[in-house]
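Novice: I'll drop the sequence and a predicted model, then ask my questions.
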Amino acid sequence: MGFLYRSTRNENETATASEAILKGLAEEGGLFVPDEIPELDVSFEELAAMDYKGVAYEVMSRMLTDFTEDELMYCINGAYDKKFDTELIAPVKYHHGAYILELFHGKTIAFKDMALSILPYLMTTAAKKNNIDKEIVILTATSGDTGKAALAGFADVPGTRIAVFYPKNGVSPIQEKQMVTEKGANTFVAGITGNFDDAQTGVKKMFSDKTLAEYLDEKGFQFSSANSINIGRLVPQMVYYVYAYTRLVAAGTVKPGDEINVVVPTGNFGNILAAYYASEMGLPVKKFICASNDNKVLYDFFATGEYDRNREFILTTSPSMDILISSNLERLIYRIAGNDAEKNSELMKSLAETGKYEITDEMKKNLYKFYGNFATTEEVASTIHNVYAEDGYVLDTHTAVAVNVYDKYKADTEDDTPTIIASTASPYKFARSVVEALVDTGNESAKLSTDSLDDFALVDELEKLSAVKIPQAVEEIRTAPVMHETVCDKEEMESVVKNFLGI
């Protein structure tokens, strides 16, 4: 028997899994959450004998209960194929005293591929199941990685169009080039003169505009989302935590049922929430270690119980985490409030009106499994340098945040529980920051020579340093023509979407 998904802001608004995927966002700005998280009633030994697709089916079939086995396997087989550069899909490697879960072997070399490779299949299957005859318009805000992964997933998918907004000066040159060179005939990309939070707020505003929804309906369109506010993004992310754990079981590193720690570098809180949901399903996690960069709003929240976005927005070398409004935290707030939509709605209203909210002492007690810390931009660079010096392994700037925070956690707690660190992007996406960290910063001539190189020359330099082949995702954009040149103010987002749709 299936269960329903419910809005975090209105307990009376429910949807099946396929309906929640199609809608993306609930009414009144709420997020869809499962009424229950069922037990993963397959042994870890059985899962350890499965490949990634097998584990994906076992996890996702428990959560997407109105998809048939044939429908779900069609989606899984279409997603996790040769577009990944390794048959393992998500390899686990041991470095720096932890198990690095490499989530960047997909088409756009970032962890977003893990879910956005399957979301188009889930969405088009859901549209058929629900007899949707309108064109689905995927509306997406990105801090750098979601945008390209969503574009790659939905490009030329019949019955869909996709519009992506990114902060014009808030992503790496490689990230931007990946997006603006997208060829799909149904794609649109715009840089906004603002930050990621502005883009995300603009997208959410369009979603919750009922007049706009009615106008789109008249014209034969309906909005959906590829951001992690969509449950169809979040459920596939649960898979790789279960998969990584069962690789440790298969290797004899942990015994079935032994606890692990999970470290996740996160800004929007979706990736670590997926680990939390996996633990609710039965994954034995001792601590969820939430790693922030200089935009440490989540660290401050876990330290004080107050969420306060009223602060300077800092551009860092880990731009995908440059976020002050962590949308997915709302799903955790709803959970620790005892699934109380009214209480959650009250807190989110406070966030919208004052930029902050504070949870109760009772709610704070429910966060005992979470540990938060942050890494400065300088600490990120030194972590990349030091880990490379240890054994030649190169971290990207986001994974380096996680490794640095893990070191702080160990120093604070002396906890030696086996730990999985989510490695969220290839270092090639952030070649300048990574190469600058790898060269001897005390060597002025080396620094000057780095400054004089363009980003693709730095990609070549990184290949020499890392002995890891340049990914196809980077090679293919080196000389690709720019297809999208729109730049707009945040107030213009709705009008440029209408223009894209020709309405």
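Specialist: That came through fine. Keep in mind that this is a model prediction, so the values were computed, not measured.

Novice: ends of stretch 280-297, how far apart?
Specialist: Start to finish, the residues bounding stretch 280-297 are 25 Å apart (Cα to Cα, to the nearest Å).

Novice: how distant is it from the center of its chain?
Specialist: Stretch 280-297 has its average C-alpha position 13 Å from the chain's average C-alpha position, going by Cα atoms, centre = their mean, to the nearest Å.

Novice: pLDDT of that stretch, averaged?
Specialist: pLDDT averaged over stretch 280-297 equals 98, rounded to a whole number.

Novice: can you pull the buried residues of that stretch?
Specialist: Buried residues in stretch 280-297, counting neighbours by 16 or more other Cβ atoms under 10 Å, are found at 280-283, 285-297. Glycine gets a C-beta too; all of them are placed from N, C-alpha and C.

Novice: Check stretch 257-265 too.
Specialist: Per 16+ other Cβ under 10 Å, stretch 257-265 contains these buried residues: Ile260, Asn261, Val262, Val263, Val264, Pro265.

Novice: Go ahead and name everything in contact with that stretch.
Specialist: 44, 98, 241, 245, 248, 254, 271-272, 275, 284-293, 318, 321, 398-399, 401-403, 405-406, 409, 415, 417-422, 424 (Cβ atoms under 8 Å, 6 or more residues apart in numbering).

Novice: Inside strands: which ones of those residues?
Specialist: Taking DSSP state E as the definition of strands, these contribute 98, 285-292, 419-422.

Novice: are any of the contacts of stretch 257-265 buried, and which?
Specialist: With burial judged by 16+ other Cβ under 10 Å, the buried subset of those is 44, 98, 241, 245, 248, 254, 271-272, 275, 285-293, 318, 321, 398-399, 401-403, 405-406, 409, 418-422, 424.

Novice: Could I get the full set of helices for the stretch 351-500 of the chain?
Specialist: Secondary structure of the stretch 351-500 of the chain, counting by DSSP state H, counting those that start in this stretch: helices at 361-365, 377-391, 397-413, 431-438, 444-451, 455-466, 472-475, 493-501.

Novice: In CSV, list the ones you listed along with mean pLDDT and distance to Leu122.
Specialist: Supplementary listing: the helices of the stretch 351-500 of the chain in CSV, determined by pLDDT from 0 to 100; distance: least, Cβ to Cβ, whole Å:
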stretch, mean pLDDT, distance to Leu122
helix 361-365, 96, 32
helix 377-391, 96, 34
helix 397-413, 98, 26
helix 431-438, 93, 33
helix 444-451, 59, 42
helix 455-466, 92, 33
helix 472-475, 94, 23
helix 493-501, 97, 23
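
Novice: Those: which one's closest to Met50?
Specialist: Using Cβ to Cβ as the criterion, the shortest distance between Met50 and those is 26.0 Å, found for helix 397-413.

Novice: on that earlier part again, can you tell me which of the ones in strands among the contacts of stretch 257-265 is closest to Asn169?
Specialist: Within the set of those, Ser292 lies nearest Asn169; the separation is 21.2 Å, counting by Cβ to Cβ.

Novice: Could you report the separation of the closest residue to that closest one other than its chain neighbours from Arg432?
Specialist: With Cβ to Cβ, 6 or more residues apart in numbering as the criterion, Ser292 has its nearest non-adjacent residue at 4.0 Å, and that residue is Phe374. If you measure Phe374 against Arg432 using Cβ to Cβ, to the nearest Å, the figure is 22 Å.

Novice: Likewise for Lys107?
Specialist: 22 Å.

Novice: what about those two, which has more around it?
Specialist: The neighbour comparison of Lys107 against Arg432 (other Cβ atoms under 10 Å) goes to Arg432, with 22 against 19.

Novice: give the contact list for the more buried one.
Specialist: For Arg432, the contacting residues are Ser172, Pro173, Thr450, Asp455, Leu458, by Cβ under 8 Å, 6+ apart.

Novice: Share the number of residues neighbouring the second one, please.
Specialist: By that I understand Pro173. When neighbours are defined as other Cβ under 10 Å, Pro173 has 15 of them.

Novice: Ile470 now?
Specialist: Count around Ile470 with other Cβ under 10 Å applied: 17.

Novice: Wait, it touches Tyr428, no?
Specialist: Yes. With the criterion set as Cβ atoms under 8 Å, Ile470 and Tyr428 qualify as a contacting pair; they are 6.4 Å apart.

Novice: Mutual contacts of those two, please.
Specialist: Overlap between the neighbourhoods of Ile470 and Tyr428 consists of Val459, Leu462, taking contacts as Cβ under 8 Å, 6+ apart.

Novice: show me what contacts Glu390?
Specialist: By Cβ under 8 Å, 6+ apart, the contact list for Glu390 reads His95, His96.

Novice: can you put the contacts of Arg432 in TSV and add distance to Ala90?
Specialist: Formatted as TSV, the contacts of Arg432 follow (distance: Cβ to Cβ, whole Å):
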residue	distance to Ala90
Ser172	23
Pro173	27
Thr450	32
Asp455	27
Leu458	27
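
Novice: So what angle separates the directions of the helix ranked longest in the chain and strand 419-423?
Specialist: Under DSSP state H, the helix in the chain containing the largest number of residues is helix 231-250. Here helix 231-250 points in a direction 140 degrees away from that of strand 419-423 (axes from the mean of the first three to the mean of the last three Cα atoms, to 10 degrees).

Novice: Adjust the sequence numbering to begin at 15 for everything that follows.
Specialist: With the count now opening at 15, the last piece we talked about shows up as helix 245-264.

Novice: Show me how far helix 245-264 is from its chain's centre.
Specialist: 14 Å.

Novice: avg pLDDT for that helix?
Specialist: The predicted model assigns helix 245-264 a mean pLDDT of 98.

Novice: Tell me which of the helices of the stretch 365-514 of the chain lies nearest to Cys89.
Specialist: Closest approach to Cys89 among these is made by helix 486-489 (22.4 Å; Cβ to Cβ).

Novice: So what touches the closest one?
Specialist: Among residues not part of helix 486-489, those counted as contacts by Cβ under 8 Å, 6+ apart are Asp99, Lys121, Thr122, Ile123, Ile188, Gln192, Ser440, Tyr442, Lys443, Val473.

Novice: check which helix or strand covers the fifth one.
Specialist: Element membership of Ile188, judged by DSSP states H and E, is helix 187-194.

Novice: What residues sit buried inside that helix?
Specialist: For helix 187-194, burial by neighbour count (16+ other Cβ under 10 Å) applies to Ile188, Gln189, Glu190, Lys191, Gln192, Met193, Val194.

Novice: Show me what the next helix-or-strand element following it is packed against.
Specialist: If you walk from helix 187-194 toward the C-terminus, the next helix or strand you reach (DSSP H and E) is strand 201-206. Taking 3 or more Cβ pairs under 8 Å, 6 or more residues apart in numbering; DSSP states H and E as contact, the helices and strands that strand 201-206 lies on are helix 159-168, strand 174-181, helix 187-194, helix 210-221, strand 500-502, helix 507-515.

Novice: and whichever helix or strand comes after the fourth one, how far from the chain's centre?
Specialist: Meaning helix 210-221. Using DSSP H and E, the helix or strand that directly follows helix 210-221 along the chain is helix 224-233. In terms of Cα atoms, centre = their mean, the centre of helix 224-233 is found 29 Å from the chain centre.
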